[in-house]
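Chemist: Take a look and give me a structure for this.
(one chain, ligands or ions: 2)
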Amino acid sequence: YEEVKHSSSHKSTNNKLYKVNQQKTSDIAVHGLLLWASTGFLMPLGILIIRGSIKAEPGSRRSRILFYLHVGFQMLSVLLATVGAAMSLKKFENSFDNSHQKLGLALYGAILMQGLIGFFRPHRGKKERSYWYLIHWILGTIVSLVGIINIYTGLKAYHKRTLKGTTLWTILFTVEVSFIGLVYLFQDKLEYMKKQGVIVGSESLIVSSNQDIPQSQTQKELLPVACGRKRNALENLFCNHEYLNLKQSIVLHQRLN
Ligand code: HEM
Ligand code: HEM
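Modeler: Ligands and ions are numbered 1, 2, ... in the order given. Below you'll find the model as predicted:
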């Protein structure tokens, strides 16, 4: 393709000011669209989907559907990134002299690796499964985050190369990313929000103690409300704390009586 150079003194393509021709413009647009669909859309969506399955009963229909959706979305995302990679490596300069290109090249590799790691997972219940999960979770989250960053730098590069405006695309992408971010945070808060409607503590205890319910029974009935399900380490801590508060309230109440 033809470059219309305005400055010949710069050494790297990074610093060259040039406007690319029509063919290159559309190649870049296809490159951007493919990689947005992959790391900016399908990948984060696949992550939200698998996070939605964590609270589902293992082996249940819901859990299986969400798992297959995660695998499907992520495989499609790896496929699109691979097509995008092959295309850019074939059609662009391969100079890798700015951060978009360097980070992008590293991402191509990381995306392929993450997809592969997904398939080589030990069965649940095996000790190795925890290590697998740690790697798959960290790499998957980083790849998706760095992918989002590279879309922003890609949009900047697009503006620089084609002189076309990218403000609208940047705003639209930011709206999308913010929405995904909010859903991600909301998934962690859902259980806690539901619990806000259930009183576990001194108030309900006074009601039940006034009805002369034995201490052991009171504990059994009240505790499962907050603690009777699968929990992570943080929730465990919170539950133990609640349990201690409950015990203290029982002792205090019995003393008062
Ligand atoms: C996660 C997403 C992305 C990745 C991994 C990625 C990766 C890359 C790589 C590796 C290159 C260098 C290719 C080569 O020289 O062989 C490149 C170039 C380029 N990309 Fe992306 N890209 C992404 C998203 C985007 C987006 C959304 C746009 C905007 C439309 C974009 C615009 C460009 C442009 C204009 C170039 C030409 C080189 C330059 O001027 O820096 N990219 N990209
Ligand atoms: C690039 C592709 C992929 C990405 C970015 C990705 C990302 C992730 C992330 C971030 C999580 C953790 C979610 C969380 O708890 O916050 C996860 C979980 C999971 N992924 Fe993937 N994944 C990919 C491909 C795959 C593939 C191909 C498979 C299977 C064939 C797979 C199977 C799983 C399973 C089973 C879990 C849940 C683990 C558990 O809860 O024990 N992933 N994935």
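Chemist: thought residue 101 was touching residue 95?
Modeler: Yes - the pair residue 101 and residue 95 qualifies as a contact (C-beta atoms under 8 Å) at a distance of 7.1 Å. Placement of C-beta: from N, CA and C, glycine included.
Chemist: Just want to know which of these two has more residues nearby.
Modeler: residue 101 (21 against 10; other C-beta atoms under 10 Å).
Chemist: Residue of the stretch 1-150 of the chain nearest ligand 2, please.
Modeler: residue 118 (2.2 Å; C-beta to the nearest ligand atom).
Chemist: Could you report the separation of that residue from residue 141?
Modeler: Distance of residue 118 to residue 141, computed by C-beta to C-beta, to the nearest Å: 13 Å.
Chemist: These two: who's more crowded?
Modeler: residue 118 (18 against 13).
Chemist: Quick one: distance of the strand or helix carrying the more buried one to the chain centre.
Modeler: In the assignment (DSSP states H and E), residue 118 maps to helix 99-119. Distance of helix 99-119 from the chain centroid (C-alpha atoms, centre = their mean, to the nearest Å) equals 16 Å.
Chemist: for that helix, packing partners?
Modeler: In terms of contacts (3 or more C-beta pairs under 8 Å, 6 or more residues apart in numbering; DSSP states H and E), helix 99-119 is packed against helix 61-91, helix 127-162.
Chemist: mind putting the ones you listed in a markdown table, mean pLDDT and distance to ligand 1 included?
Modeler: Listed next are the helices and strands packed on helix 99-119 as a markdown table, based on pLDDT from 0 to 100; distance: least, C-beta to the nearest ligand atom, whole Å:
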| stretch | mean pLDDT | distance to ligand 1 |
| --- | --- | --- |
| helix 61-91 | 96 | 4 |
| helix 127-162 | 96 | 2 |
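Chemist: got TSV for these, with distance to ligand 2 too?
Modeler: Compiled in TSV, the helices and strands packed on helix 99-119 are given as follows (distance: least, C-beta to the nearest ligand atom, whole Å):
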stretch	distance to ligand 2
helix 61-91	3
helix 127-162	3
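Chemist: What is the neighbour count of the nearest residue in space to residue 135 that is not next to it in sequence?
Modeler: Among residues not flanking residue 135 along the chain, residue 117 sits closest, at 6.4 Å (C-beta to C-beta, 6 or more residues apart in numbering). Look at residue 117: counted by other C-beta under 10 Å, it has 14 neighbours.
Chemist: picking up where we left off before, could you dump the helices and strands packed on helix 99-119 to a markdown table with distance to residue 197?
Modeler: Below are the helices and strands packed on helix 99-119 laid out as a markdown table (distance: least, C-beta to C-beta, whole Å):
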| stretch | distance to residue 197 |
| --- | --- |
| helix 61-91 | 23 |
| helix 127-162 | 31 |
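Chemist: Can you check which of these gets nearest to residue 41?
Modeler: With C-beta to C-beta as the criterion, residue 41 lies closest to helix 61-91 of the helices and strands packed on helix 99-119, at 8.1 Å.
Chemist: Alongside ligand 1, which residues does the protein contribute?
Modeler: 28, 31-32, 35-36, 39, 88-89, 92-94, 98, 100-101, 104-105, 107, 147, 150-151, 154-155, 157-158, 161 (C-beta under 6 Å from any ligand atom).
Chemist: Quick one: buried ones out of those residues?
Modeler: 28, 31-32, 35-36, 39, 88, 92, 98, 100-101, 104, 107, 147, 150-151, 154-155, 157-158, 161 (16 or more other C-beta atoms under 10 Å).
Chemist: Extract the CA atoms of stretch 176-193 and return them as CSV.
Modeler: Provided in CSV are the C-alpha atoms of stretch 176-193 (Å, rounded to 0.1, in the frame of the first residue of the first chain):
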residue,chain,number,x,y,z
GLU,A,176,-20.3,-1.4,26.9
VAL,A,177,-17.3,-1.9,29.2
SER,A,178,-18.9,0.0,32.0
PHE,A,179,-22.1,-2.1,31.7
ILE,A,180,-20.0,-5.4,31.7
GLY,A,181,-18.1,-4.1,34.7
LEU,A,182,-21.3,-3.3,36.6
VAL,A,183,-22.7,-6.7,35.9
TYR,A,184,-19.4,-8.3,37.1
LEU,A,185,-19.6,-6.4,40.4
PHE,A,186,-23.3,-7.0,40.8
GLN,A,187,-22.7,-10.8,40.5
ASP,A,188,-20.7,-10.6,43.7
LYS,A,189,-23.2,-8.5,45.5
LEU,A,190,-26.4,-10.5,44.6
GLU,A,191,-26.3,-12.9,47.5
TYR,A,192,-25.4,-10.2,50.0
MET,A,193,-28.3,-8.0,48.7
